[in-house]
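> sequence plus the predicted model coming up.
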Amino acid sequence: MKISNETKVGALTAVAITVLILGFNYLKGKNLNARSSTIYAVFPSVEGLVSSNPVTINGLQVGKVAELAEKDKNLSGIIVSITLSKNINIPNNSVASISSDLLGNSSVKIAMGANPTAFIKDGDTIQTNKAPGLVDRLQSSLDPTLNSLNKTLASLDELIQKVSGIFDPTAKNNLQTLIANLSASSKSLEQLLNTQSGMLSKSLTNVESFTGNLAKNNEKITATLDNLQKTSSNLASAKIPEAIESLQQTMHQLQGAINKMNSKDGSLGLLLNDRQLYDQLNNTARSLTILLDDLRVHPKRYVNISVFGKKDKSGPLMTPLTDSTPIQRK
């Protein structure tokens, strides 16, 4: 049976279309020969991720990115469909992130979770985390360096401005004034060091004269020092400690006597401190005074002599007489 050219062209066209569809699906990450499962991940941005990019776990490719689709019209997130070509138990607390290399190739990395309670099944959504890309890591590394460089440049600029300010007219005048002051100071120092009329020369002359006078009076100074030495020797040989000790003993004895006088143990202490004895002595003195006054005023009462007349029968005195009391004379 002879096949026409039209049939051959149609068959080749159908085969080509089939191969094209299979190849397109393969490039999209769909493996038509092996059993696969699909999981989903939602990222805020995909950072260059496209279909057929690899999906790896611990560096091993376990699938591919099948499709990218927006979550909603506001583009609050991008849904990434992941086709897993290997039968691997992925814990439900695993985290997926997008990673980029130096050439700009992106991939999805899945970090396996620890102590899982369950595993991700076909159609589940895995947790995501925005991992810093290469550009972000470089930026974070360069930011401190750029800040330090900016501070260094600012310090260098300030230094250059200060150096340039030295050579302005005002600074030049100040520098000239400083040089003039240094010149005047050098002249003053030269006058000070002049051997004929300098102040230093006069001071040295006065010092020389003073030392000469000391040399002339060396014998007197020696005699004075000898006398001072003798005086100090006499003071050293004097029994000053014994005298001080004797004085301290005397003071202790005097203190003991004063203490005895203040106490009521001795006769003098009782005499000084006993109020009752004082009152008795005072009453005795008063009675003696009354007796003497009565004897002086009424002598006939105590001495009965006919020469004085009759005996005085008046009562005795009860109080002492004052100095103005008259004495009876008969």
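Good, I have the coordinates.
> show me where pLDDT drops low in this structure?
1, 25-35, 131-143, 163-172, 175, 191-201, 264-272, 303-318, 321-330 (pLDDT under 70).
> the longest strand seen in the chain pairs with which strands, parallel or anti?
For the chain, the longest strand by residue count, based on DSSP state E, is strand 60-70. Using DSSP bridges, the strands paired with strand 60-70 in its sheet are strand 54-57 (antiparallel), strand 78-84 (antiparallel).
> ok, which of the ones you listed comes nearest K260?
Judged by CB to CB, the one of the strands paired with strand 60-70 that comes nearest to K260 is strand 54-57, at 111.9 Å. Any C-beta I mention is one placed from the backbone N, CA and C, and that applies to glycine too.
> would you mind writing the CA trace of the closest one as PDB?
Only the C-alpha atoms of strand 54-57 are listed here, as PDB (Å, rounded to 0.1, in the frame of the first residue of the first chain):
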ATOM      1  CA  PRO A  54      15.800  23.600  40.700                       C
ATOM      2  CA  VAL A  55      14.500  22.800  44.200                       C
ATOM      3  CA  THR A  56      17.100  21.400  46.500                       C
ATOM      4  CA  ILE A  57      17.300  19.900  50.000                       C
END
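> buried set for that strand?
For strand 54-57, burial by neighbour count (16 or more other CB atoms under 10 Å) applies to P54, V55, I57.
> nearest residue to the last one in space, please, no chain neighbours.
Pointing back at I57 there. Computed as CB to CB, 6 or more residues apart in numbering, the closest residue to I57 that is not its neighbour in sequence is I110, at 4.8 Å.
> the helix or strand where that neighbour lies pairs with which strands, parallel or anti?
Following DSSP states H and E, one finds I110 within strand 106-111. With DSSP bridges as the test, strand 106-111 is paired with strand 54-57 (parallel), strand 95-100 (antiparallel).
> contacts made by it with the rest, please.
Contacts with strand 106-111, where a contact means CB atoms under 8 Å, 6 or more residues apart in numbering, come from 41, 46-50, 53-57, 62, 65, 80, 82, 90, 94-100, 126, 129, 131.
> which of those residues are buried, as a PyMOL select command?
Selection of buried members from these for PyMOL, criterion 16+ other CB under 10 Å:
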select buried, resi 41+47+49+53+54+55+57+62+65+80+82+90+94+95+96+97+98+99+100+126+131
